[in-house]
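Colleague: sequence unavailable; structure follows:
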């Protein structure tokens, strides 16, 4: 299983005129809401919106079937959700991944721990 964490710096995006508002800027948004894009991007198992209000960052934590499926879909996903490439991005593999779940709110325990550390 391939995990991608991507952050967008709202101040930088505003300064250069890139990016656009996304769901975290709308009323009724909850950070624990799943990313509703799993059916649109092949290989995307699940995802979560993430925010760091102190650093004025917002982003995505995405779980993919493989690095190949992630690299094929990430540019379109980033354009669709934020309108530009992320300010910071990193990826890693999780070994012994659980089987794919239909419930997109399910994230592996290791990733839940990382996101709430």
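Modeller: Here it is on my side, so go on. Bear in mind that the values here come from a model prediction, so they are computed numbers and not experimental data.
Colleague: how about the nearest residue to residue 11, chain neighbours excluded?
Modeller: Closest residue in space to residue 11, ignoring its immediate chain neighbours: residue 56 at 5.3 Å, by C-beta to C-beta, 6 or more residues apart in numbering. From N, CA and C alone the C-beta is placed, and that goes for glycine too.
Colleague: give me phi/psi at the one you found?
Modeller: phi 60, psi 40 (degrees, to the nearest 10).
Colleague: could you do residue 8 as well?
Modeller: Residue 8 adopts backbone torsions of phi -120, psi 130, taken as degrees, to the nearest 10.
Colleague: for burial, what's the neighbour tally of it?
Modeller: Other residues near residue 8 come to 25 when the count uses other C-beta atoms under 10 Å.
Colleague: pretty sure it is in contact with residue 55, am I right?
Modeller: No - proximity of residue 8 to residue 55 does not meet the contact threshold set by C-beta atoms under 8 Å, at 11.0 Å.
Colleague: surely residue 47 and residue 37 touch.
Modeller: Yes - contact criterion C-beta under 8 Å: residue 47 and residue 37 qualify, at 6.8 Å.
Colleague: do you know how far residue 85 is from residue 1?
Modeller: With distances defined as C-beta to C-beta, to the nearest Å, the gap from residue 85 to residue 1 amounts to 23 Å.
Colleague: the more surrounded of the two?
Modeller: In this view residue 85 and residue 1 are compared by other C-beta under 10 Å, and residue 1 has more residues nearby, 19 against 14.
Colleague: mind naming the longest helix for this protein?
Modeller: Secondary structure assigned by DSSP state H gives helix 67-81 as the longest helix of the chain.
Colleague: tell me which of residue 47 and residue 37 has more neighbours.
Modeller: In terms of neighbours (other C-beta under 10 Å), residue 47 is the more surrounded of residue 47 and residue 37; the figures are 24 against 18.
Colleague: could you report the pLDDT at that one?
Modeller: You'll see residue 47 listed with a pLDDT of 87.
Colleague: what about it, is that helix, strand or coil?
Modeller: strand (DSSP: H, G, I helix; E, B strand; the rest coil).
Colleague: for it, list each beta-bridge partner.
Modeller: Going by DSSP bridges, residue 47 is paired in beta bridges with residue 62.
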